[in-house]
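Q: sequence-free structure coming up:
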């Protein structure tokens, strides 16, 4: 509503802006028609390879988009999209948050109306239909019916072949056992594969908005397997997939009965007085809260902490802020009141529109217009294996942690204790990803810089939120940046950073190794006798 009023006021107070925009549009549109006529005369002898945007937009990479008719359609689409974008960018009187939201939703409209999304204007789909004598369309219709039936009438394209992967069979296969279980999590201990292991155990606190096995996909890209092979006693938390019975589970529960309880159980199982910890994404936020709480209550057992793509300071949360308007939060509160939890599929669907062409329209084109079967891709299988969020926890996270930023401001109270980042003083390392669309690397690192630890090591990985983390050394795919010198700003830090062409994994392990104690014979390490079943446990198989 605010955006609509601002737009109307902008047109009334400055009508020349709209007039100039229309004149520019008409002129560019006329030029496209003239180019199309010339292309028809020259075709097929013309050596033109199409408009410049086609080389940058993978939706239009097929050479058929460069034929005169479809090139005109494509170029008009680019022109219309640019006009819409320019119009909303230049509206005056909008707050930054409202501007980001209207830009996001206008982008959703232009993405949805892409000619590639419709059979009549997609030359690749038409060409395949002709070559297969219509079989591709039959296959596409079958795929459509399958997805509708699978999702109870809701249209949600299947991203991954559902029969290609099975958790515990060809995903999450690193050998280990469940050594502790409560109503919130299972604690997995992985079997050592080296003759000696580091004295100080390592505990991973993963996010609970999805499942931990993103770190243990296949053996050749498993971070968990790789860490074990480096000689670490590794423990990983596997969270329960909540339902309505967990409606009263809050952030305090995850901190005390989850993160801190896991640390205590590892110390109990190994006999160690301290551990090293990794927190991934929201698991990192939880770890930071636990560190602040343990430091304030003089119960800390964490020798060093590492944060993977973690938000601590929510002052600027980038694209995620699009979903935090009053209308969205009120809608979430209604769902929480009704169900007692936030459905994982609702969150997954919302996040998918942050990359709509990759996760919504692109897969729909392949499945419904081209009639292709879903691909076998481990990452997409994990992406579709959603988890719910408990009601109270979701409400506290959205309202208190994100919108009010209480933790960063030193105003968040947990179990009667006010938490402060200034109480976190142990050695820290952090991994952020350069093109992360969920957690901006500068914002992530800024949260780490707010902690009072004297020893901090930052690793800036190439690629995005997941691919930048799951980047095994066996494939030199994405590099990383490091800089151990003091910098006045993160821009300066990046500018003066040293680039390494290989993954950050070995560099980080070198940092961790110096904080992990001696290497001892496996037989000399105390291990409890608890065995509640083999890894990956039972909670990981809870689906929605």
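A: Received it, and whenever you're ready, just let me know what you need. What you are looking at is a predicted structure, and each value in this text was computed from that prediction instead of being measured.

Q: okay, and for this structure, where does confidence drop off?
A: 1-26, 29, 32-33, 36-55 (pLDDT under 70).

Q: what residue lies at the spatial centre of it?
A: residue 465 (4.8 Å; Cα atoms, centre = their mean).

Q: from residue 421, how far out is that one?
A: 23 Å (Cβ to Cβ, to the nearest Å). Where you see a C-beta, it was placed from the backbone N, CA and C, and this is true even at glycine.

Q: likewise for residue 153?
A: On the measure of Cβ to Cβ, residue 153 and residue 421 end up 47 Å apart.

Q: quick one: which of the two has more around it?
A: More neighbours surround residue 421 than the other of residue 153 and residue 421, with 22 against 7 (other Cβ atoms under 10 Å).

Q: I figured residue 392 hits residue 242, correct?
A: No: using Cβ atoms under 8 Å, residue 392 is not in contact with residue 242; the gap is 10.4 Å.

Q: who touches both of those two?
A: Common contacts of residue 392 and residue 242 (Cβ atoms under 8 Å, 6 or more residues apart in numbering): residue 249.

Q: between the two, point out the one with more neighbours.
A: residue 242 (25 against 19).

Q: can you pull out the helices in the stretch 101-250 of the chain?
A: Under the criterion DSSP state H, counting those that start in this stretch, the stretch 101-250 of the chain carries helices at the ranges 123-131, 135-150, 223-229.

Q: residue 439: which element?
A: Using DSSP states H and E, residue 439 sits within no helix or strand.

Q: contacting residues around it?
A: Residue 439 neighbours (Cβ under 8 Å, 6+ apart): 281, 309-311, 318, 432-433, 465.

Q: ok, residue 431 - contacts?
A: Per Cβ under 8 Å, 6+ apart, neighbours of residue 431: 306-309, 459-461, 468-469, 504, 508.

Q: ok so, going back, make JSON lines out of the helices of the stretch 101-250 of the chain and add mean neighbour count.
A: Below are the helices of the stretch 101-250 of the chain laid out as JSON lines (neighbours: other Cβ atoms under 10 Å):
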{"stretch": "helix 123-131", "mean neighbour count": "17"}
{"stretch": "helix 135-150", "mean neighbour count": "15"}
{"stretch": "helix 223-229", "mean neighbour count": "21"}
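
Q: quick one: closest of these to residue 105.
A: helix 135-150 (24.6 Å; Cβ to Cβ).

Q: hmm, who's touching the closest one?
A: 119, 125, 128-129, 154-158, 367-373.

Q: now which of these would you call buried?
A: Among the contacts of helix 135-150, those scoring as buried are 125, 128-129, 156-158, 367-372 (criterion: 16 or more other Cβ atoms under 10 Å).

Q: going by distance to residue 236, which of the residues you listed wins?
A: Among these, and counting by Cβ to Cβ, the member closest to residue 236 is residue 158, at 28.5 Å.

Q: once you drop chain neighbours, what's closest to that closest one?
A: Computed as Cβ to Cβ, 6 or more residues apart in numbering, the closest residue to residue 158 that is not its neighbour in sequence is residue 374, at 4.7 Å.

Q: quick one, domains of the chain?
A: 2-131, 176-320+388-541 (automatic domain parsing).

Q: so which of those domains is the most packed in?
A: domain 176-320+388-541 (a mean of 19; mean count of other Cβ atoms under 10 Å).

Q: report the distance from that one to the chain centre.
A: 15 Å (Cα atoms, centre = their mean, to the nearest Å).

Q: distance between the ends of that domain?
A: 16 Å (Cα to Cα, to the nearest Å).

Q: one step back: out of the helices of the stretch 101-250 of the chain, which comes closest to residue 162?
A: helix 135-150 (8.7 Å).

Q: that closest one: how far from the chain's middle?
A: Worked out by Cα atoms, centre = their mean, helix 135-150 lies 29 Å from the chain centre.

Q: also stretch 381-392?
A: 12 Å.

Q: endpoints of that stretch, how far apart?
A: 28 Å.

Q: all further residue positions should be reported with the first residue as 889.
A: Taking 889 as the first residue, the last one we looked at is stretch 1269-1280.

Q: touching it from outside, list them.
A: 1046-1048, 1052-1053, 1055, 1059, 1096-1099, 1101-1102, 1105, 1127, 1129-1131, 1134-1138, 1141, 1224-1225, 1227-1233, 1235-1236, 1247, 1285, 1431-1432.

Q: at 6 Å instead, please
A: 1047-1048, 1053, 1098-1099, 1102, 1129-1130, 1134-1138, 1224, 1228-1233, 1236, 1432 (Cβ atoms under 6 Å, 6 or more residues apart in numbering).

Q: out of the residues you listed, which are inside strands?
A: The strands, defined by DSSP state E, take in 1229-1230 from these.

Q: on that earlier part again, any chance of the helices of the stretch 989-1138 of the chain in TSV, with distance to residue 967 too?
A: Converted to TSV, these look like this (distance: least, Cβ to Cβ, whole Å):
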stretch	distance to residue 967
helix 1011-1019	19
helix 1023-1038	29
helix 1111-1117	45
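
Q: to residue 1316, which of the ones you listed lies closest?
A: helix 1111-1117 (18.2 Å).

Q: host element of residue 1417?
A: With DSSP H and E as the test, residue 1417 turns up in no helix or strand.

Q: cool, and residue 1313?
A: Using DSSP H and E, residue 1313 falls outside every helix and strand.

Q: so what's it up against?
A: By Cβ under 6 Å, 6+ apart, the contact list for residue 1313 reads 1340-1341.

Q: now do the host helix or strand of residue 964: which elements does it pack against?
A: In this assignment (DSSP H and E), residue 964 forms part of helix 956-977. When contacts are defined as 3 or more Cβ pairs under 6 Å, 6 or more residues apart in numbering; DSSP states H and E, helix 956-977 sits against helix 903-930, helix 984-1000.

Q: tilt between it and helix 1011-1019?
A: 150 degrees (axes from the mean of the first three to the mean of the last three Cα atoms, to 10 degrees).

Q: about what we covered before: dump the domains of the chain into a markdown table; add distance to residue 1031 as well.
A: Below are the domains of the chain laid out as a markdown table (distance: least, Cβ to Cβ, whole Å):
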| stretch | distance to residue 1031 |
| --- | --- |
| domain 890-1019 | 13 |
| domain 1064-1208+1276-1429 | 25 |
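
Q: between these, which one is nearest to residue 1215?
A: domain 890-1019 (9.7 Å).

Q: which parts of the stretch 1089-1238 of the chain are strands?
A: 1090-1093, 1122-1127, 1163-1168, 1190-1196, 1229-1230 (DSSP state E, counting those that start in this stretch).

Q: quick one, which of these gets closest to residue 1404.
A: Closest among the strands of the stretch 1089-1238 of the chain, using Cβ to Cβ: strand 1163-1168, at 6.2 Å.

Q: can you list the strands that that closest one pairs with?
A: strand 1090-1093 (parallel), strand 1190-1196 (parallel) (DSSP bridges).

Q: okay, the angle between it and strand 1122-1127?
A: Angle between the axes of strand 1163-1168 and strand 1122-1127 is 40 degrees (criterion: the same axes, to 10 degrees).

Q: residue 1305 and residue 1184 touch, don't they?
A: Yes: taking contacts as Cβ atoms under 6 Å, residue 1305 lies within contact range of residue 1184: 5.3 Å.

Q: which residues touch residue 1090?
A: 1120, 1122, 1164.

Q: returning to that earlier point: from the contacts of helix 1023-1038, which is closest to residue 1189?
A: Distances from residue 1189 to the contacts of helix 1023-1038, taken by Cβ to Cβ, are shortest for residue 1044, at 43.2 Å.

Q: with adjacent residues omitted, what lies nearest to the closest one?
A: residue 1035 (6.2 Å).

Q: how much space is there between the one you found and residue 1046?
A: 6 Å.

Q: now residue 1363
A: Relative to residue 1046, and taking Cβ to Cβ, residue 1363 is found at 27 Å.

Q: do residue 1200 as well
A: Residue 1200 is 36 Å from residue 1046, by Cβ to Cβ.

Q: and residue 1218, by the same measure?
A: With distances taken as Cβ to Cβ, residue 1218 is found 31 Å from residue 1046.
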